[in-house]
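Participant: need coordinates for the below:
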Amino acid sequence: MAATMDETQANTLQTLGQQGERLYNAERHIDQSTTNAETAQKNFKSLKHAQRGMFNPGFNVSGNPFTKSKNEQAHIEREVAHLSRQREIREHTNHASYTDNQRRERDQKELARLGGSSGMPSSKPSLADRAKYEFEPDDEDDAANNEIDDNL
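Facilitator: This is a model prediction of the structure:
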């Protein structure tokens, strides 16, 4: 009964981990699609601005030469702010994914550590299994094998 409960816990933890990975992948793809949509919108505005001058020959596309440097500087500052916001969003998503993976791995290790004492089959062979491979089993061999298993 305890073994099935431990197995159910391990399976649930694994399922939650897989769902978490899918969730973070979806968030990452949403972030990328938002960035691509913003880039497309910006490029559309610049094309629209360029076409204005093409269809109206008297219209000066370059703008006011006296305020051009201020406008360029403001444009650069907006781009830097926009890129830093995008980077912060990516870093936040990656950090959340990383902490979730670390927590899940820690929980799996804790579950595996506790599983050995609660009756869940562990990866260590029992003394009866070890006896199959020993010619003359004695306490020294058992102690040496236990020490090797503990170090692994």
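
Participant: how about the contacts made by the residue most central in space within the chain?
Facilitator: Note on the chain: the residue nearest the mean C-alpha position is Ser97, at 3.5 Å, using CA atoms, centre = their mean. For Ser97, the contacting residues are Gly20, Glu21, Tyr24, Arg28, by CB atoms under 8 Å, 6 or more residues apart in numbering. For the C-beta atoms, the positions are set from N, CA and C on the backbone; glycine is no exception.

Participant: go again using 6 Å as the cut-off
Facilitator: Applying CB atoms under 6 Å, 6 or more residues apart in numbering to Ser97 gives the contacts Tyr24.

Participant: cool, and the one 10 residues further on?
Facilitator: Listed by CB under 6 Å, 6+ apart, the contact partners of Asp107 are Leu13.

Participant: which of the helices and strands in this protein ranks last by mean pLDDT?
Facilitator: Lowest on mean pLDDT, DSSP states H and E among the helices and strands of the chain sits helix 127-131, with a mean of 65.

Participant: heading C-terminal from the longest helix belonging to the chain, find the next helix or strand.
Facilitator: Criterion DSSP state H: the longest helix present in the chain is helix 2-55. Downstream of helix 2-55, the first helix or strand assigned by DSSP states H and E is helix 68-115.

Participant: before we move on, back to that, I'd like to know which elements the longest helix of the chain is packed against.
Facilitator: Secondary-structure packing of helix 2-55 (3 or more CB pairs under 6 Å, 6 or more residues apart in numbering; DSSP states H and E): helix 68-115.

Participant: next, the angle from the helix it packs on to helix 2-55.
Facilitator: Angle, helix 68-115 to helix 2-55, by axes from the mean of the first three to the mean of the last three CA atoms, to 10 degrees: 170 degrees.

Participant: any low-confidence regions in the protein?
Facilitator: Applying pLDDT under 70 to the chain flags the ranges 53-63, 115-135, 137, 152.

Participant: can you do 80?
Facilitator: Across the chain, the ranges flagged by pLDDT under 80 are 1-3, 6, 49-65, 111-112, 114-146, 148-152.

Participant: can you tell me the SS state at Glu136?
Facilitator: Assigned with DSSP: H, G, I helix; E, B strand; the rest coil, Glu136 falls in the coil class.

Participant: what's around it, how many residues?
Facilitator: When neighbours are counted by other CB atoms under 10 Å, Glu136 registers 5.

Participant: cool, Thr35 as well?
Facilitator: Thr35 has 16 neighbours, counted by other CB under 10 Å.
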